[in-house]
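>>> here you go, sequence then predicted model.
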Amino acid sequence: MRNARRLRVLTWHVHGNYLHYLSQTPHDFVVATRPGNPPGYAGLGGHLPWGANLSAVPEAALHREQFDCVLYQSADHWRARHSVLTPAQLRLPSIRLEHDPPPDNPTDTRHPAADAATVIVHVTHFNALAWDNDIAPVRVIEHGVLLPDDVRWHGELPRGLVVVNHLRQRGRRLGADVYMRLREPMALDHVGMAASELPGGLGEIPNHELPAFMARYRYFFNPIRWTSLGLAVVEAMSLGMPIVGLATTELASVIDRDVHGWIDSDERRLVTAGRALIDDPGLAARWGAAAGRLARERFSIGRFADDWDRLLKEVCA
């Protein structure tokens, strides 16, 4: 049967960890690159353990390649498709993977791919709700993560950890101001790309070292006002780490108060929760264990790979 064969999927490297998790799906993914590996067109370098089913092709050479479908991962890729792909490639089944909620108006932004010919895949139900998808077929494939089996949270360091890339540059949407206000009362450290630009920033931790680094901290703090459900949050949960964060976007449907951690829109109560975790390792262990159970049930890599396998076969049938 045609659906039983491996598919060859053209895509792009937008979020490294997401691409790594996506490659656990039993198909072959070709990543389009540009000279210098600018954002959105990076190759397969770095520290992630890329599998044999991932390969990179210069964008200028895509016209010589054969694909079964195209998986667009950003607005830039979508806008540039007519200047990059051949007419035959443009007629291939297409999927537009949407990593984020609408960047401007939270309720009345029409998705650029909102037409009947393209499947829009949202990574959270909140994203699907916020975007105006019009007549486009919509699917939600929630995150799945794959972490080392030998790394588990122990929380010996009585501090909270924030993991956000370019936090200063991305400003209020990613909660730079929240982090700055709560950094001292919640005893927060911050890692990620360009983290050293803000007080308490420790710099970037390589992907393969990040799980063990995170596991040392008493709790994970998410200061982000407006985003999808961050992979770093799911990875922290999978380690068995308690979560404290803003009760916004999809996080409000994931973390139950006093079960997996604490979410709130009142910064004073966030400080209270963070200090309680620092003062009471037993509380942190209870919340972290519950977060780990939820992550194994809801965000397993097996479920994620199955969801993508099923969708790719469906659109290419």
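Looks like it arrived, so ask away.

>>> closest to the centroid, which residue in this structure?
residue 231 (3.7 Å; CA atoms, centre = their mean).

>>> from residue 147, how far out is that residue?
From residue 231 across to residue 147, the span is 11 Å (CB to CB, to the nearest Å). Bear in mind the C-beta positions are built from the backbone N, C-alpha and C, glycine included.

>>> what's the answer for residue 267, then?
Residue 267 is 30 Å from residue 147, by CB to CB.

>>> between those two, which has more neighbouring residues?
The residue with more neighbours, out of residue 267 and residue 147, is residue 147; 19 against 15, by other CB atoms under 10 Å.

>>> how about the strands in this structure?
Ranges of strands in the chain, per DSSP state E, are 8-11, 28-33, 54-58, 69-72, 94-98, 118-122, 138-140, 157-163, 188-191, 217-222, 243-246, 261-264.

>>> any chance of JSON lines for those, columns mean pLDDT and distance to residue 40?
Compiled in JSON lines, these are given as follows (pLDDT from 0 to 100; distance: least, CB to CB, whole Å):
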{"stretch": "strand 8-11", "mean pLDDT": "98", "distance to residue 40": "11"}
{"stretch": "strand 28-33", "mean pLDDT": "98", "distance to residue 40": "9"}
{"stretch": "strand 54-58", "mean pLDDT": "97", "distance to residue 40": "13"}
{"stretch": "strand 69-72", "mean pLDDT": "98", "distance to residue 40": "11"}
{"stretch": "strand 94-98", "mean pLDDT": "98", "distance to residue 40": "13"}
{"stretch": "strand 118-122", "mean pLDDT": "98", "distance to residue 40": "17"}
{"stretch": "strand 138-140", "mean pLDDT": "98", "distance to residue 40": "22"}
{"stretch": "strand 157-163", "mean pLDDT": "98", "distance to residue 40": "21"}
{"stretch": "strand 188-191", "mean pLDDT": "98", "distance to residue 40": "23"}
{"stretch": "strand 217-222", "mean pLDDT": "98", "distance to residue 40": "24"}
{"stretch": "strand 243-246", "mean pLDDT": "98", "distance to residue 40": "27"}
{"stretch": "strand 261-264", "mean pLDDT": "98", "distance to residue 40": "31"}
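
>>> circling back to that earlier point, nearest residue to the residue nearest to the centre of the chain other than its sequence neighbours?
Computed as CB to CB, 6 or more residues apart in numbering, the closest residue to residue 231 that is not its neighbour in sequence is residue 17, at 5.3 Å.

>>> for residue 225, list the residues it contacts.
Residues near residue 225 by CB atoms under 8 Å, 6 or more residues apart in numbering: 172-175, 178, 246, 248.

>>> and of those, the nearest to residue 33?
Residue 33 lies nearest to residue 174 out of the contacts of residue 225, by CB to CB, at 26.8 Å.

>>> could you report the neighbour count for the closest residue in space to that closest one that isn't next to it in sequence?
Nearest non-adjacent residue to residue 174, counting by CB to CB, 6+ apart: residue 224, 5.2 Å away. Number of residues near residue 224 (other CB under 10 Å) recorded here: 25.

>>> let me know the pLDDT of residue 16.
What the model reports as pLDDT for residue 16 is 94.

>>> that one: neighbour count?
Neighbours of residue 16 using other CB under 10 Å come to 17.

>>> that one contacts residue 48, doesn't it?
Yes - Residue 16 is within contact range of residue 48, at 5.5 Å (criterion: CB atoms under 8 Å).
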